[in-house]
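Asks: no FASTA, just this:
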């Protein structure tokens, strides 16, 4: 393991050498989203389930019955998605509306040395020190790690803020990028009591990601850690690299695009600039943690074909709910699957996946007959330019499932 010595270049560990102009948009942190969930706002209900409340995606109409969040902690809702043709799932912990970009920030870890095999030797009893609090307009869950070399006998209690670390004059060593969101103590990935969190359709078990302690600005805080190397930044200005996220929509009675509430498609790169392959060494995605959201109209009038949403006949409540949501388009856009489709062993992996021409769902050679709208390239190459609406929204949160791997 190699580490780059920072030495005296302490300014590189500060949030910015010259502060950029502050964005005029709205920012919601995890603590704010928990409050919005309590107030019943759309963003709050879509991202956080309060303790003891029904978990969306795990309850009707998506699954039979009602699954409730465990009674001792609130939960980050697991939202299913498709990316690069694969089943995925993610959580949302922060939202920015009207921000031009999102910046990474410094995180300090106290170490007493570096082992050539196991890497940094964390000082026993020490806590991570986050350099920017959620109250800052520059806060984000995207961190640039700096290892702080602490000599024997040093009073680590004096290091509880980024300012104290920089003032100490201790040597800093650059480490990995880390995805971690600051928030309440009682928060985790949503799941019923006594059960692990799971993907709503495939049933893959997910990592709970329990809250841990840390310091920020001299006080204790809590954070949910989604791990190292889960995103990329630009070296010049520490801006976090985004990917496009597409929420499928139809045009409502007011002429505006209306989100259908289907699993979105997460791109592998920015809008119109996908990566050739998903950036996920060893199955751990380095993309998708910062998502730039777009609404994409998929009504037949826009496409020239009638797209189809795959829902097995074994899910009558879900079929009825989506048909009702689509209004007059419902019967045509939710075709009855063929016998071959219903007998497919991996059938549930196609639940709520959208085909460009829905007649393929009724064919005996399902799923090979379908052109699926389940990748960034398929979305951008098959849909007209007027189908896309930029919501001017960034959302953050880790992919908690990617191709069967639960980081």
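Replies: Nice, thanks for sending it over. Only a predicted model underlies this, so the values are computations on that prediction, with no experimental measurement involved. Numbers count the residues shown, from 1 in each chain.

Asks: give me the neighbour count for the closest residue in space to residue 164 that isn't next to it in sequence.
Replies: Nearest-residue entry for residue 164: residue 158, 6.2 Å, with adjacent residues in sequence omitted and distances by C-beta to C-beta, 6 or more residues apart in numbering. Backbone N, C-alpha and C define where each C-beta goes, glycine included. Neighbour count of residue 158, defined by other C-beta atoms under 10 Å: 11.

Asks: bridging residues for the residue lying closest to residue 260 once chain neighbours are set aside?
Replies: Across the structure, with C-beta to C-beta, 6+ apart as the measure, the residue nearest residue 260 apart from its sequence neighbours is residue 248 (5.3 Å). According to DSSP bridges, the partner residues bridging residue 248 are residue 296.

Asks: now do residue 147
Replies: residue 109, residue 173.

Asks: what sits against it?
Replies: For residue 147, the residues meeting the contact criterion (C-beta atoms under 8 Å, 6 or more residues apart in numbering) are 3, 108, 109, 110, 111, 114, 120, 172, 173, 174, 175.

Asks: got JSON lines for the residues you listed, with distance to residue 218 too?
Replies: JSON lines is the format used below for the contacts of residue 147 (distance: C-beta to C-beta, whole Å):
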{"residue": "3", "distance to residue 218": "27"}
{"residue": "108", "distance to residue 218": "13"}
{"residue": "109", "distance to residue 218": "17"}
{"residue": "110", "distance to residue 218": "15"}
{"residue": "111", "distance to residue 218": "21"}
{"residue": "114", "distance to residue 218": "27"}
{"residue": "120", "distance to residue 218": "23"}
{"residue": "172", "distance to residue 218": "19"}
{"residue": "173", "distance to residue 218": "23"}
{"residue": "174", "distance to residue 218": "24"}
{"residue": "175", "distance to residue 218": "22"}
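
Asks: buried ones among these?
Replies: Buried residues within those, counting neighbours by 16 or more other C-beta atoms under 10 Å: 108, 109, 110, 111, 120, 172, 173, 175.

Asks: does the third one touch residue 155 like I think?
Replies: No: no contact is recorded between residue 110 and residue 155 when judged using C-beta atoms under 8 Å, the distance being 11.4 Å.

Asks: what's the spacing between stretch 341-355 and its chain's center?
Replies: Stretch 341-355 has its average C-alpha position 24 Å from the chain's average C-alpha position, going by C-alpha atoms, centre = their mean, to the nearest Å.

Asks: next, the distance between the ends of that stretch.
Replies: End-to-end distance for stretch 341-355: 13 Å, by C-alpha to C-alpha, to the nearest Å.

Asks: do the same with stretch 37-47
Replies: Using C-alpha to C-alpha, the two ends of stretch 37-47 sit 8 Å apart.

Asks: which parts of it are buried?
Replies: If you call a residue buried by 16+ other C-beta under 10 Å, then stretch 37-47 has these buried ones: 37, 43, 44, 45, 46, 47.

Asks: residue 122 - how many residues pack around it?
Replies: Neighbours around residue 122, by other C-beta under 10 Å: 15.

Asks: cool, and residue 254?
Replies: Neighbourhood size, residue 254 [other C-beta under 10 Å]: 6.

Asks: what sits against it?
Replies: By C-beta under 8 Å, 6+ apart, the contact list for residue 254 is empty.

Asks: okay, and it sits in which element?
Replies: Here residue 254 is covered by no helix or strand, with elements defined by DSSP states H and E.

Asks: need phi/psi at it.
Replies: phi -90, psi 0 (degrees, to the nearest 10).

Asks: beta partners for residue 388?
Replies: With DSSP bridges applied, the residues forming beta bridges to residue 388 are residue 296.

Asks: now, which of the contacts of residue 147 sits nearest residue 236?
Replies: Taking C-beta to C-beta as the measure, residue 236 sits nearest to residue 174 out of these, at 15.4 Å.

Asks: I figured the closest one was touching residue 144, is that so?
Replies: Yes: counting by C-beta under 8 Å, a contact exists between residue 174 and residue 144, whose distance comes to 7.5 Å.
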